[in-house]
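Q: here's my sequence, what's the structure:
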Amino acid sequence: MYGKSKTLIFCLLLLISAFSLPLITLVQSQGTLFQITLIVPGANPSRKAWAEVIENSFDTAGIDARRIELDWDTVYDRVLEPNASTVGSLYDEGGYDALFVGYALGIDPNPFELYDSEMMPPGQNYYLWNNAENDRLSRLIKETVDENTRLGHVKQWQQLAFNEQPSATILYTQEVVAYDPTALMPEPFQALHYPVWPGVERWKLNPSTTQTDIVLAQTGPTAEFNPWLTTSYYDLTVWGAVFDGLADREDLVGKKMVPALADSWSVASDQKTWTVKLKHGVMWHDGVEFTAQDVKFTYDSAMAEELASPGGPFLTDIIGSPGNVKIIDDYTVEFDLPKPFAYFVESILARTGYGMMIPKPGSGELLVAQVSQVTLAQQTALPTGDTGHHEWK
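A: Residues are numbered from 1 along each chain as shown. Down below sits the predicted model:
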């Protein structure tokens, strides 16, 4: 077990958009300013402890706060994947007042996917932050290819976020990664940790071990194994170690992007047309070869409105539409972006971004039901060739 230096934020999502503030129940008696319901998801002891601290702080300040623990399915229905009619509603109306969730900050500064007004649910702007200057800066950040100019926009956005406080954050600068050194060697976990857990192909068994099974333990439930149907940290720790992407981080020191299922990539002078070459001879675990058909199926599926993938709105904004993902041949895919995107490789192609590949089932048109059935249990397919990993349960 070791502590790893990184930045982790623990967020309290507050529904404070202009149209909802007047709806918070004001209480005139006994000096109470207003009432607020704090949703604590799952059984995570850290969230429970922080929720109690904040509840007491609210009460001390004259705010009538109450804590309610809800299962993850209910949290998704109310906050993370709500019906259109529920977005913007307070707790008593089927939505939420405040929610405790955990985030690990990404490597590349890209606030667009979490804060832009176009990314409200089913996107990931759960804060419902609707701010014109935020939208302007976040879009400049994602579209500015020159790094120095882009970082200038990042600094402006940071100042705006500091002044506006779209979310209340509790900052952690250390992460504890636990593993059994009698079974696994430490190097992969020292080079890669959240937000880039090492895939099973990078795990190294201790030469002295006789184990053939590795057990992954965590503090919350894993309910969904399809990477395109969930944003849960607990789900990610499982599928993030199993599904592969087109590109990956070499480590979290130099943070260099290296090929994974892709063999190479290049961008045209317009900074919008990307050509991705795939590795030859990579097999899914069912013996079918990984090809450009799987790549197009993956991105087309994620952008399908019927699927309502949490990553769908972001992918659609960056890629434009399924028609912009073109199969050139079995091992070449072209992406024709409507605008430049500074983090195309780091985000769209990356395993821990939006590059997790799923197999195209059979042939024919895209069916949402087919995508929903791509799970570890039902689709024993892992596009990493011979990794020594044979099954999971």
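Q: quick one: the strands in the stretch 1-150 of the chain?
A: Here the stretch 1-150 of the chain has its strands, by DSSP state E, counting those that start in this stretch, at 2-14, 35-41, 64-70, 98-104.
Q: please enumerate the helices of the stretch 1-150 of the chain.
A: For the stretch 1-150 of the chain, the helices defined by DSSP state H, counting those that start in this stretch occupy 45-60, 72-75, 112-115, 132-143, 147-164.
Q: is it fair to say V333 lies in a helix?
A: No: counting by DSSP: H, G, I helix; E, B strand; the rest coil, V333 is not found in a helix; it is strand.
Q: and it, how close does it get to A262?
A: Counting by Cβ to Cβ, to the nearest Å, the separation of V333 from A262 is 9 Å. All C-beta atoms are positioned from the backbone trio N, CA, C, and that covers glycine.
Q: do the same with T273
A: On the measure of Cβ to Cβ, T273 and A262 end up 16 Å apart.
Q: more neighbours, these two?
A: Ranked by neighbour count (other Cβ atoms under 10 Å), T273 and A262 place A262 first, with 23 against 15.
Q: can I assume that one is in contact with V276?
A: Yes: between A262 and V276 there is a contact at 5.2 Å, judged by Cβ atoms under 8 Å.
Q: and stretch 54-63, which residues are buried?
A: For stretch 54-63, the neighbour count (16 or more other Cβ atoms under 10 Å) marks 54-55, 58 as buried.
Q: low-confidence regions, the stretch 201-350 of the chain specifically.
A: Filtered on pLDDT under 70, the stretch 201-350 of the chain yields the residue ranges 219.
Q: quick one: the helices in it, in order.
A: Secondary structure of the stretch 201-350 of the chain by DSSP H, counting those that start in this stretch: the helices cover 233-239, 292-303, 312-319.
Q: between those helices, which one is nearest to E113?
A: E113 lies closest, by Cβ to Cβ, to one member of the helices of the stretch 201-350 of the chain: helix 312-319, at 4.6 Å.
Q: the closest one versus helix 132-143: what angle between them?
A: 60 degrees (axes from the mean of the first three to the mean of the last three Cα atoms, to 10 degrees).
Q: from the contact counts, what lies against helix 312-319?
A: On a contact count with 3 or more Cβ pairs under 8 Å, 6 or more residues apart in numbering; DSSP states H and E, helix 312-319 meets helix 112-115, helix 292-303.
Q: list residues touching both of V333 and A262?
A: Taking Cβ atoms under 8 Å, 6 or more residues apart in numbering as the criterion, V333 and A262 both touch 276, 278.
Q: mind listing the strands for the stretch 151-300 of the chain?
A: Going by DSSP E, counting those that start in this stretch, the stretch 151-300 of the chain shows strands at 168-177, 247-249, 257-259, 262-267, 273-278.
Q: and of the ones you listed, who's closest to T149?
A: Each of the strands of the stretch 151-300 of the chain has some distance to T149 by Cβ to Cβ; the shortest is strand 262-267, at 17.4 Å.
Q: using CSV, write down the CA coordinates of that closest one.
A: Taking Å, rounded to 0.1, in the frame of the first residue of the first chain, the C-alpha atoms of strand 262-267 are listed here in CSV:
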residue,chain,number,x,y,z
ALA,A,262,-4.3,1.9,-32.7
ASP,A,263,-0.9,1.6,-34.4
SER,A,264,-0.6,5.3,-35.2
TRP,A,265,-2.6,8.5,-35.8
SER,A,266,-2.1,11.7,-37.7
VAL,A,267,-3.9,15.0,-38.2
